[in-house]
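Student: Mind looking at a prediction? Sequence and model below.
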Amino acid sequence: MQSVEPPSPEAAPPLVLAHAIGSAEFYWAVVAELSLVAFTVLLLLAPRWGRGSDVPFYRLFVLGAALLASLITLIGKLLEVWPGHPLFPSGHTAYALTIAAFLVTRDRRWLRVVAPLVGLLAVALVLAHYHPPVDIAGGAAVSLAVFAVVSGGWRAWAARRMGASLRA
């Protein structure tokens with residue numbers, strides 16, 4: 001019987017990072033990833049919007065819409081909707097811009113906060129060499145399409161709910 005020895009630790013390939021730690025691209029990549037966290041925190045910890053009981057549900061609804069936009073971009077990458085552009089469209093942009101659109105729709109004052117964050121994210125994605133500008137534009141298009149469909153669904157649901165409460 002022949003024994004099989006496990007590979008030695010020296011034979012294992014080293015971990016490969018997207019960028020060398022300390023390089024400018026590395027720091028822009030960190031900014032890009034942290035901006036997604038910032039958008040999620042803004043959504044979940046934002047001051048109450050109005051006095052309705054739908055506020056916690058609305059936050060989860062928006063988070064679900066942002067994840068849906070990201071999932072659509074992932075499917076686009078897997079199907080390679082644009083040959084030669086394997087990272088088209090940008091999931092980072094789709095996620096962040098979907099949350100931003102819902103925040104601004106709920107209260108226009110959010111525009112002062114989210115517009116610079118979206119701009120910073122776009123710059124960080126380009127400078128980190130994650131995406132060229134066309135990928136970011138594709139992510140924005142996905143985001144706005146998801147926003148249009150999902151916000152229409154939310155308004156229809158809220159109208160039905162309001163109509164039911166008036167009849168009761």
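Tutor: Here it is on my side, so go on. Numbers count the residues shown, from 1 in each chain.
Student: Next, name the residue at the spatial heart of this structure.
Tutor: Centroid-nearest residue in the chain: residue 95, 1.7 Å away (criterion: CA atoms, centre = their mean).
Student: Per-residue confidence, it, what does it come out as?
Tutor: According to the prediction, residue 95 has pLDDT 94.
Student: and what of residue 66?
Tutor: Reported pLDDT for residue 66: 92.
Student: Which of the helices or strands spans it?
Tutor: Using DSSP states H and E, residue 66 sits within helix 55-79.
Student: now residue 88
Tutor: Counting by DSSP H and E, residue 88 is found in no helix or strand.
Student: That one contacts residue 133, doesn't it?
Tutor: No: using CB atoms under 8 Å, residue 88 is not in contact with residue 133, being 11.1 Å away. Bear in mind the C-beta positions are built from the backbone N, C-alpha and C, glycine included.
Student: out of these two, which sits in the more crowded spot?
Tutor: residue 88 (21 against 11; other CB atoms under 10 Å).
Student: ok, that one - contacts?
Tutor: With contact set as CB atoms under 8 Å, 6 or more residues apart in numbering, residue 88 has these partners: 76, 77, 81, 82, 134, 135, 138.
Student: at 10 Å what do you get?
Tutor: By CB atoms under 10 Å, 6 or more residues apart in numbering, residue 88 lies in contact with 73, 76-77, 80-82, 131-132, 134-139.
Student: try residue 90
Tutor: So residue 90 contacts 32, 70, 73, 76-77, 96-97, 121-122, 125-126, 130-140, 142-143 (CB under 10 Å, 6+ apart).
Student: PyMOL command for the buried members of those?
Tutor: To isolate the buried members of those in PyMOL, using 16 or more other CB atoms under 10 Å:
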select buried, resi 32+70+73+76+77+96+97+121+122+125+126+130+131+135+136+137+138+139+140+142+143
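Student: The contacts of residue 90 in helices, which ones?
Tutor: 32, 70, 73, 76-77, 96-97, 121-122, 125-126, 133-140, 142-143 (DSSP state H).
Student: Many thanks, we can stop here.
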